[in-house]
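Student: Sequence and predicted model, in that order:
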Amino acid sequence: MQTTLNATLPATDVPVVEKQVAVEKQEYRDAMAHLGSAVNIITTDGPGGRAGFTASAVCSVTDTPPTLLVCLNRSASVHAAFTQNQVLCVNTLADCHESLSNLFGGKTPMEQRFEAAEWARLATGSPILTNALVSFDCKITQITSVGTHDILFCEAVALQRNDDRHGLVYFERRYHPLMRQTAC
Ligand SMILES: NC(=O)C1=CN([C@@H]2O[C@H](COP(=O)(O)OP(=O)(O)OC[C@H]3O[C@@H](n4cnc5c(N)ncnc54)[C@H](O)[C@@H]3O)[C@@H](O)[C@H]2O)C=CC1
Ligand SMILES: Cc1cc2nc3c(=O)[nH]c(=O)nc-3n(C[C@H](O)[C@H](O)[C@H](O)COP(=O)(O)O)c2cc1C
């Protein structure tokens with residue numbers, strides 16, 4: 001399906017279309033499914049308990065100070081743990097992590113989620129997935145609410161990289177391996 005959105009243009013000789021375009025939730029989700037994204041398991045540990053969930057709504061904000069953002073639905077069972085602990089780790093998944101992603105994205109009990117992989121710790125005490133593509137160990141510096149979600153701004157205080165693994169992309173509601181270029 002091809003969809004055209006009307007826009008108000010500033011040029012004087014261009015007819016202005018004033019019609020307001022309402023985007024329904026399902027239409028928005030169907031459109032967002034066209035955006036390929038990395039898949040991450042976001043973990044935390046501390047006074048609020050150990051918790052983790054799968055997230056695609058993650059991006060870099062600034063390198064000074066090194067800051068990422070993570071969008072977390074306030075209705076998720078893990079929400080209180082993250083806001084109480086004030087620390088988290090963004091573990092970006094490799095191509096072998098499809099089933100782990102589904103485990104952390106479903107309604108699975110928390111212990112069962114963590115039993116399925118090996119974890120370490122860096123600076124904040126948040127679980128680091130040992131064979132992740134990259135792990136950003138962070139303190140949460142700011143939280144802003146927009147609609148159903150909280151945007152967690154997270155300053156990286158330690159990093160772990162695995163430079164030989166292939167990536168994983170979530171696109172059109174499916175997982176796709178993303179191959180690293182190797183010398184031939
Ligand atoms: N940002 C989020 O909260 C996301 C939540 N999910 C959840 O994971 C499950 C499976 O998702 P899909 O297989 O991708 O099918 P879907 O049809 O639920 O979602 C399609 C796309 O819409 C966006 N989206 C979905 N739910 C959203 C939400 N509550 N807030 C903002 N954006 C949202 C995401 O970009 C997602 O890839 C659903 O329960 C979905 O709600 C998935 C991706 C992102
Ligand atoms: C591929 C994928 C991406 C997801 N991305 C997000 C996200 O960015 N933000 C979010 O709040 N939930 C996201 N979810 C849903 C959460 O992982 C899920 O709600 C979380 O595990 C909490 O579930 P619970 O309430 O059963 O603990 C995603 C799920 C999947 C499968």
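Tutor: Everything's here; your move. Numbering: from 1, shown residues only. Ligands and ions are numbered 1, 2, ... in the order given.
Student: From residue 76, how far out is residue 37?
Tutor: Note on residue 37: its distance to residue 76, by CB to CB, to the nearest Å, is 18 Å. Glycine gets a C-beta too; all of them are placed from N, C-alpha and C.
Student: what do you get for residue 40?
Tutor: Residue 40 is 14 Å from residue 76, where distance means CB to CB.
Student: in the chain, which spans are strands?
Tutor: 37-38, 40-44, 51-55, 58-63, 66-73, 87-92, 119-121, 127-129, 134-146, 149-161, 167-171, 174-178 (DSSP state E).
Student: Let me know which of these is the nearest to residue 100.
Tutor: Residue 100 sits nearest to strand 40-44 of all these, at 6.8 Å, using CB to CB.
Student: Pull out the buried residues from the closest one.
Tutor: 40, 41, 42, 43, 44 (16 or more other CB atoms under 10 Å).
Student: And the furthest pair within those residues?
Tutor: 40 and 44 (12.9 Å).
Student: for this structure, which spans come out with low pLDDT?
Tutor: 1-20, 183-184 (pLDDT under 70).
Student: Up against ligand 1, what does it have?
Tutor: 29, 32, 33, 56, 57, 71, 73, 105, 148, 173 (CB under 6 Å from any ligand atom).
Student: Using a markdown table, please lay out those together with distance to residue 23.
Tutor: Output for the residues of the chain next to ligand 1, formatted as a markdown table (distance: CB to CB, whole Å):
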| residue | distance to residue 23 |
| --- | --- |
| 29 | 10 |
| 32 | 11 |
| 33 | 14 |
| 56 | 19 |
| 57 | 17 |
| 71 | 18 |
| 73 | 19 |
| 105 | 24 |
| 148 | 15 |
| 173 | 19 |
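Student: among those residues, which ones are buried?
Tutor: Buried among the residues of the chain next to ligand 1 by 16+ other CB under 10 Å: 56, 71, 105.
Student: ok, and of those residues, which contact ligand 2?
Tutor: Within these, those near ligand 2 by CB under 6 Å from any ligand atom are 56, 71, 105.
Student: can I assume the last one is in contact with residue 42?
Tutor: Think residue 105. No: using CB atoms under 8 Å, residue 105 is not in contact with residue 42; the gap is 10.9 Å.
Student: Now for the two: what residues contact both?
Tutor: 53, 54 (CB atoms under 8 Å, 6 or more residues apart in numbering).
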